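**Q** Structure for the following, please:
(chains A, B, C and D)
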Number of protein chains: 2
Amino acid sequence: MGNPRGVRPQRAALADLPSLKPQPTAAERAAEVIRDGIFEGRFMPGTPLPETDLADALGISRNTVREAFRTLQAEHLLDYEVNKGVSVRRLTPADAADIYRIREILELSSLDLITSTPAELDTALLTAAVAEGRHAADNGDWVAVGTANLRFHAQIVALQGSPRLDEFFQRVMTEMRLGFLAVADPRSLHEPYLDLNGRICAAVCAGQLAEAREMLRHYLHTARGEIVAAVTPA
Amino acid sequence: MGNPRGVRPQRAALADLPSLKPQPTAAERAAEVIRDGIFEGRFMPGTPLPETDLADALGISRNTVREAFRTLQAEHLLDYEVNKGVSVRRLTPADAADIYRIREILELSSLDLITSTPAELDTALLTAAVAEGRHAADNGDWVAVGTANLRFHAQIVALQGSPRLDEFFQRVMTEMRLGFLAVADPRSLHEPYLDLNGRICAAVCAGQLAEAREMLRHYLHTARGEIVAAVTPA
DNA sequence: GAGATGTCGATTGTTGAACAATGTGGATTG
DNA sequence: CAATCCACATTGTTCAACAATCGACATCTC
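**A** Predicted coordinates for the structure are as follows:
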């Protein structure tokens, strides 16, 4: 290693190494698989999640499962009753109404607050979500169409570029999925909005924000009625 | 109990009993005391929270402390590094900027969306927060003045009556407290806004929403600069 | 003495077992 | 049929243990 005065080539290369991310804990990974499962519609609302079953399935201990549950509980993805454990969240009509109220506030505000020109707006992920939805529809996978729809609307709020707002809204959209699952026929729910999302996206990209806003507002109003009805117990 | 058809007096009284809340778990109570402590400014940002110390202090086991930590972590009240544990959140300048961006979006939207008349608006808690601030100032307790200020602004968003938005914003206000604590002299920070909050409150109660909005917007802009500067490391 | 390396105690991540408290469903009883 | 009782499953919580990691200090090398 003796390298008298001057540049040290090997060391320079070392500095360029990407600092490797700390390996997430078991509890974090457990929370993630459950969270992703819910977002993608693989868990029906109301499904009980016994600690022992989860521990066995994930190959971790009960205490670690409980840590993951506390995380997901704080994210409102699980229902919890003391001494009864957790289950996949089931939305009440009041929940659905609240979610649509928030969507109206945040999604419409997001469009209203756009000041930059369409060119400098980051619409790549927006158009990607529209494409993802069309692709899923071609495959007849209507649950995946719903996922793409959730992503599309999350991207509208993401135009604001606020990490906190993004995270909050992503969480609200995950709750939204739990409402989608209450609708018996996902196709009749999502199919009409495939095209609408495309038109909204086109309008945003073209800078026609007033038109986009009106389409979005109308969509939220219509969908709200469908979901609130679906989550209302017979 | 044989009570042939008809009203059963004793039972009727029983039905009116308020269903007593399930006793919260130890982890929930632990999370609550830490959360309240942070909101009220009793923990300095960066303070490490070793699991064993907390367990001893609260009289619970380490596993239960960890459950509480996972909850508070999901609420962004704690900084966390794997294998290093948690500490009271320390805001970065980017955090402070993001928080004020969200405050602008949500607090101003809240005023804009008010449609009801001043009379039917629930302004009791708003005026209470103003009074609480004045009272604390009389006692020279400037940290408590800050708490009242946080409550006042949380109440502005609460005018919308959305449970989810309330909870999210309450969390953001708790983060805000961590920014307040970075300011050396709390008096010079909060004193000028005591009166301003009173004027905003009066304007809202009088239905002069445009005036209230403008005062609020100006406040957020000014305060933003102070807090961002305070959390910027020397 | 400065920088690199080795070492040790403290803290965290995780597990498994244990036990009390609570909830659940079914059998029993009147 | 309703109320009661009982056995069983699940949750809330603790404890002790151990590997992995971190931080600080001692040690070595030049």
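
**Q** ok, and for stretch A:56-76, which residues are buried?
**A** Buried positions in stretch A:56-76, judged by neighbour count with 16 or more other C-beta atoms under 10 Å in any protein chain shown: A:58, A:60, A:64-76. For every residue, glycine as well, the C-beta is placed using N, CA and C.

**Q** is it anywhere near DNA strand D?
**A** Yes - judged by C-beta under 7 Å from any atom of the strand, stretch A:56-76 and DNA strand D are in contact via A:62-63, A:66.

**Q** what's in contact with that stretch?
**A** Contacts to stretch A:56-76, defined as C-beta atoms under 8 Å, 6 or more residues apart in numbering or on different chains, come from residues A:26-28, A:30-31, A:33-35, A:49, A:51-52, A:54-55, A:78, A:80, A:86, A:89, A:171, A:174-175, B:27, B:63, B:66-68, B:70-71, B:73-75, B:164.

**Q** Indicate whether that stretch makes contact with DNA strand C.
**A** Yes - shown here: stretch A:56-76 in contact with DNA strand C (C-beta under 7 Å from any atom of the strand) through A:59-64.

**Q** and what of stretch A:83-95?
**A** Yes - Stretch A:83-95 is in contact with DNA strand C by C-beta under 7 Å from any atom of the strand, via A:83-84.

**Q** Now intersect the contacts of stretch A:56-76 with the strands, please.
**A** Using DSSP state E, the members of the contacts of stretch A:56-76 that fall in strands are A:49, A:78, A:80, A:86.

**Q** Can you go through these and name the buried ones?
**A** Neighbour counting by 16+ other C-beta under 10 Å classes A:49, A:78, A:86 among the ones in strands among the contacts of stretch A:56-76 as buried.

**Q** Adding pLDDT as columns, could you present those residues in TSV?
**A** Output for these, formatted as TSV (pLDDT from 0 to 100):
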residue	pLDDT
A:49	98
A:78	98
A:86	98
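
**Q** does residue A:19 count as helix, strand or coil?
**A** Following DSSP: H, G, I helix; E, B strand; the rest coil, residue A:19 is assigned to coil.

**Q** That should have said residue A:169, apologies.
**A** Assigned with three-state DSSP, residue A:169 falls in the helix class.

**Q** Isn't it up against residue A:154?
**A** Yes - here residue A:169 lies in contact with residue A:154, judged by C-beta atoms under 8 Å, at a distance of 5.8 Å.

**Q** Identify the farthest-apart pair in the buried residues of stretch A:56-76.
**A** Of all pairs drawn from these, the one with the longest distance (C-beta to C-beta) is A:60 and A:76, at 23.0 Å.

**Q** Identify the residue nearest residue A:133 in space, chain neighbours excluded?
**A** In space, and not counting its chain neighbours, residue A:133 is closest to residue A:148: 3.5 Å by C-beta to C-beta, 6 or more residues apart in numbering or on different chains.

**Q** and what of residue A:187?
**A** By the measure of C-beta to C-beta, 6+ apart, the closest residue to residue A:187 outside its immediate chain neighbours is residue A:142, 4.7 Å from it.

**Q** Hmm, that neighbour is touching residue A:186, no?
**A** Yes - the pair formed by residue A:142 and residue A:186 meets the contact definition of C-beta under 8 Å, at 3.9 Å.

**Q** Name all residues that make contact with residue A:102.
**A** Residue A:102 makes contact with A:172, B:162, B:164-165, according to C-beta under 8 Å, 6+ apart.

**Q** Just confirm it is within a strand.
**A** No - looking at residue A:102 with three-state DSSP, it is helix, so not inside a strand.

**Q** so what's the closest residue to chain B within chain A scoring on pLDDT?
**A** Closest residue of chain A to chain B, C-beta to the nearest C-beta: residue A:74 (3.5 Å). pLDDT for residue A:74: 97.

**Q** and what of the one 5 residues further on?
**A** What the model reports for residue A:79 is a pLDDT of 98.

**Q** distance of residue A:187 from residue A:217?
**A** Separation of residue A:187 from residue A:217 (C-beta to C-beta, to the nearest Å) stands at 24 Å.

**Q** Roughly how far does the residue nearest to the spatial centre of chain A sit from residue A:58?
**A** Nearest to the geometric centre of chain A sits residue A:170, at 4.0 Å (C-alpha atoms, centre = their mean). Distance, residue A:170 to residue A:58, using C-beta to C-beta: 23 Å.

**Q** re the thing from before, regarding the residue lying closest to the residue nearest to the centre of chain A once chain neighbours are set aside, which helix or strand does it belong to?
**A** Leaving aside its chain neighbours, residue A:170 sits nearest to residue A:154 (5.5 Å; criterion: C-beta to C-beta, 6+ apart). Using DSSP states H and E, the element containing residue A:154 is helix A:142-158.

**Q** which other residues reach that helix?
**A** If you take C-beta under 8 Å, 6+ apart as the criterion, helix A:142-158 is touched by A:39-41, A:103, A:106-107, A:110-111, A:125-126, A:129-130, A:132-133, A:136-137, A:165-166, A:169-170, A:173-174, A:176-177, A:180, A:186-187, A:189-191, A:193-194, A:197, A:201, A:204, A:216.

**Q** about what we covered before: okay, the residue nearest to residue A:133 and residue A:127: tell me how far apart.
**A** Per C-beta to C-beta, residue A:148 is found 12 Å from residue A:127.

**Q** More neighbours: these two, which one.
**A** Legend: neighbour count by other C-beta atoms under 10 Å in any protein chain shown for residue A:148 and residue A:127, higher for residue A:148 (22 against 16).

**Q** pLDDT value on that one, please?
**A** pLDDT recorded at residue A:148 is 97.

**Q** re the thing from before, dump the residues of stretch A:56-76 next to DNA strand C to CSV, plus distance to residue B:230.
**A** As requested, the residues of stretch A:56-76 next to DNA strand C are exported to CSV (distance: C-beta to C-beta, whole Å):
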residue, distance to residue B:230
A:59, 46
A:60, 42
A:61, 43
A:62, 44
A:63, 40
A:64, 39
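
**Q** what's the distance between the nearest residue to the residue of chain A closest to chain B once chain neighbours are set aside and DNA strand C?
**A** Using C-beta to C-beta, 6+ apart and skipping residues adjacent in sequence, the residue nearest residue A:74 is residue B:74, 3.5 Å away. In this view, residue B:74 and DNA strand C are 15 Å apart by C-beta to the nearest atom of the strand, to the nearest Å.

**Q** Mind giving me the packing neighbours of the biggest helix by length in chain A?
**A** Longest helix of chain A, by residue count under DSSP state H: helix A:209-231. With contacts taken as 3 or more C-beta pairs under 8 Å, 6 or more residues apart in numbering or on different chains; DSSP states H and E, helix A:209-231 sits against helix A:93-112, helix A:163-180, helix A:186-205.
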